[in-house]
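Asker: The following comprises the amino acid sequence and a computationally predicted model.
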Amino acid sequence: MYFYFSFASEKGFLGAVVVEAEDTESAIAEVNRRGLNPGGEALILPFPEGSEGTEGLPVNRLISREEIVDARRVGDLSEEEQSEIEGTRVCEECNEEARRKDARERF
């Protein structure tokens, strides 16, 4: 299964990543293991099983703002727009904690 990560902070969009993993938790660990987590808060969206269009995805690399259309921070969306997002949201503090935890486990 593929997972799309969008990272942002008060400074704006920090980048996006697509990884393949079994579940959200292992996807977070994979992003950190590969050193692709630029920090900030993260929105994690799974691609539905059997999704078409996953071929040719920019997998396992940080994707820049220029490669993303309409990059906006979830926190800057209206409450209505936020309620329509079906994904996992990780706050900036929790994301940083996960990065440190995964780094400790690697060494």
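Answerer: That came through fine.
Asker: The residue nearest to residue 88 when sequence neighbours are not counted: what secondary structure?
Answerer: The spatially closest residue to residue 88, leaving aside those adjacent along the chain, is residue 44, at 4.3 Å (CB to CB, 6 or more residues apart in numbering). The C-beta positions use only the backbone N, C-alpha and C, and glycine is treated the same way. Secondary structure assignment for residue 44 (DSSP: H, G, I helix; E, B strand; the rest coil): strand.
Asker: Bridged to residue 45, which residues?
Answerer: Beta bridges link residue 45 to residue 4 when assigned by DSSP bridges.
Asker: list the contacts for the closest residue to residue 90 other than its chain neighbours?
Answerer: Leaving aside its chain neighbours, residue 90 sits nearest to residue 42 (4.3 Å; criterion: CB to CB, 6+ apart). Residues counted as contacts of residue 42 (CB atoms under 8 Å, 6 or more residues apart in numbering) are 5-7, 28, 89-90, 95.
Asker: Among the residues you listed, which lie within strands?
Answerer: When the contacts of residue 42 are checked against strands (DSSP state E), the matches are 5-7, 89-90.
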